[in-house]
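Give the three-dimensional model of this entry:
(one chain, ligands or ions: 1)
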Amino acid sequence: MHLSRFNPLRFAHLPTPLEPLPRLTQALATSPGGGPELWIKRDDCTGLAGGGNKTRKLEYLLGDALANDATTLVTQGAVQSNHVRQTVAAACRFGLECEVILEERTGSNAVDYTQSGNVLLDELMGAKIRRVPGGTDMNAELAKVAAEVAERGGTPYVIPGGGSNIIGALGYVECALELVNQANEMGLEIDRIVTATGSAGTHAGLVAGIAVMGADIPILGIGVRAPKETQEANVYKLAVETADLLGHKERVTRDMVVADCDYVGAGYGLVDQEVIEALKLAARTDAILLDPVYTGKAMKGLIALSRAGKFDGETVVFLHTGGAQGLFGYQSVLDGNLE
Ligand SMILES: *Cc1c(COP(=O)(O)O)cnc(C)c1O
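Sure thing, here's the model as predicted:
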């Protein structure tokens, strides 16, 4: 698989570590079948202003942006978007301007949510921020801002929410390659990969990468927003398009895309007691800092499925997609729940 021909820029700290989770494994060994052996792929350590999964995507997206002589990145996300933080950081690194549109998607007016966490870091890095109400047509907003940039003589480069298009997804094709190489070097046999799945680029890139390699490792996406049918359809479409870009569209089959969307709770970015329990368990066993919106929900699912015996005897790699910076945007939700 020849990824260099897409000319990614290199700024992520790679390869990210692949580590065992001995104490979390022990804590989940309560099912009669003994539970899974858990490992973690540390994509929270990709290095760009706090890192996270968007950094790998941005290596390919920034390569494309500079090849197109962009002056200004334009993107969108929720107020506590990790994607927006990493995009703003990438713009800084390459001397570009960055226009961001933040959607008030959760309806929260808490000052920590609206001012701290990721959005504080966006401001620190000099992003030009506009806020719009929940339910706004964000693609239309992106087009509007891009037109404004062009009107004042700039060259906009629009990055969709989550950086999830075929170019961004190449970052997770590369992650799949990196992970399988690491496992081979360590003599580790991976039975399953578990990841949070949202705007679909991470999940789709992994599926395309594993499929094109012929590695035959099942991937379970745990949904954070959309229902299962929608999520799987989005991931499948993007995985096929990404594999097509690599010249191997036929290798991605529909059965390779599995999302479990039973752990979303009340909605995107809304935290429930099981999410808080998941944040606490990961922190108090192997000192892993998860986030409330994505990895906390994915871990909520991983814990429930492990306890239900679904992964008994398997070696499961949890992809840590980052986001701990968002914890500070949820301080008022966590306060009083951490004893
Ligand atoms: C964006 C994000 C995800 C989801 O990745 P997608 O590619 O949007 O599906 C997962 N975890 C964190 C921390 C994220 O910021």
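
Show me which positions of stretch 180-200 end up buried.
For stretch 180-200, burial by neighbour count (16 or more other C-beta atoms under 10 Å) applies to 180, 182-183, 188, 190, 192-200. In this view, the C-beta of every residue, glycine as well, is placed from N, C-alpha and C.

Contacts for the helix or strand that residue 147 is a member of, please.
Element membership for residue 147 (DSSP states H and E) is helix 138-151. Residues external to helix 138-151 that are found in contact with it (C-beta atoms under 8 Å, 6 or more residues apart in numbering): 71-72, 74-76, 97, 99, 101, 103, 130, 132, 155-156, 158, 160-161.

cool, stretch 258-271 as well?
Contact partners of stretch 258-271, identified using C-beta under 8 Å, 6+ apart, comprise 78, 80, 105-106, 108, 197, 203, 218-228, 231-232, 235, 272, 274-275, 292-293, 296-298, 300-301, 304-305, 330, 333.

okay, how far is it across that stretch, tip to tip?
Start to finish, the residues bounding stretch 258-271 are 23 Å apart (C-alpha to C-alpha, to the nearest Å).

What about contact with the ligand: does that stretch have any residue there?
No: interface with the ligand: stretch 258-271 contributes nothing (C-beta under 6 Å from any ligand atom), its closest point being 10.0 Å away.

State the mean pLDDT of that stretch.
For stretch 258-271, mean pLDDT rounds to 96.

List only those of the contacts of stretch 258-271 flagged as buried.
Using 16+ other C-beta under 10 Å, the buried ones in the contacts of stretch 258-271 are 78, 80, 105-106, 108, 197, 203, 219-226, 231-232, 235, 272, 274-275, 292-293, 296-298, 300-301, 304-305, 330, 333.

packing partners for whichever helix or strand comes after the helix holding residue 147?
Next along the chain after helix 138-151, taking DSSP H and E as the criterion, comes strand 156-159. Secondary-structure packing of strand 156-159 (3 or more C-beta pairs under 8 Å, 6 or more residues apart in numbering; DSSP states H and E): helix 54-67, strand 72-78, helix 138-151.

Which positions in this structure make contact with the ligand?
The chain comes close to the ligand at residues 52-53, 82-83, 162, 164, 196-203, 291, 294-295, 321-323, as judged by C-beta under 6 Å from any ligand atom.

Filter those residues down to just the ones in strands.
Among those, the members falling in strands are 196, 197 (criterion: DSSP state E).

mind giving me the domain split of the chain?
Following automatic domain parsing, the chain resolves into domains at 3-52+165-334, 54-162.

where's residue 65 relative to residue 294, distance?
25 Å (C-beta to C-beta, to the nearest Å).

before we move on, what about residue 77?
For residue 77, the distance to residue 294 equals 12 Å [C-beta to C-beta].

what does residue 23 give?
22 Å.

Looking at those two, which one has more neighbours?
Higher neighbour count among residue 23 and residue 294: residue 294, with 27 against 16, using other C-beta atoms under 10 Å.

which residue sits closest to the more buried one, ignoring its sequence neighbours?
Nearest-residue entry for residue 294: residue 196, 4.1 Å, with adjacent residues in sequence omitted and distances by C-beta to C-beta, 6 or more residues apart in numbering.

Can you lay out the helices and strands packed on strand 156-159 as a markdown table showing distance to residue 44 and mean pLDDT?
Shown next, in a markdown table, are the helices and strands packed on strand 156-159 (distance: least, C-beta to C-beta, whole Å; pLDDT from 0 to 100):
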| stretch | distance to residue 44 | mean pLDDT |
| --- | --- | --- |
| helix 54-67 | 10 | 98 |
| strand 72-78 | 18 | 98 |
| helix 138-151 | 26 | 98 |
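
Which one of those lies nearest to residue 33?
Nearest to residue 33 among these is helix 54-67 (34.2 Å), distances taken as C-beta to C-beta.

buried stuff in the closest one?
By neighbour count on 16+ other C-beta under 10 Å, the buried set for helix 54-67 is 54, 55, 56, 57, 58, 59, 60, 61, 62, 63, 64, 65.

what do you get for stretch 14-28?
Residues of stretch 14-28 classed as buried by neighbour count (16+ other C-beta under 10 Å): 14, 15, 16, 18, 21, 23, 24, 25, 27, 28.

Give me the contacts around that stretch.
For stretch 14-28, the external contacting residues (C-beta under 8 Å, 6+ apart) are 35-43, 45-46, 56, 178-179, 181-183, 186, 188, 281-282, 285-286, 288, 303, 306-307, 317-318.

please redo it, this time with the cut-off set to 6 Å
With C-beta atoms under 6 Å, 6 or more residues apart in numbering as the contact definition, stretch 14-28 has outside contacts at 35, 37-43, 45, 178, 182, 285-286, 306.

check contacts around the residue in the stretch 1-150 of the chain that the ligand sits nearest to.
Per C-beta to the nearest ligand atom, residue 82 is where the stretch 1-150 of the chain lies closest to the ligand, at 3.3 Å. By C-beta under 6 Å, 6+ apart, residue 82 lies in contact with 52, 118, 322, 323.
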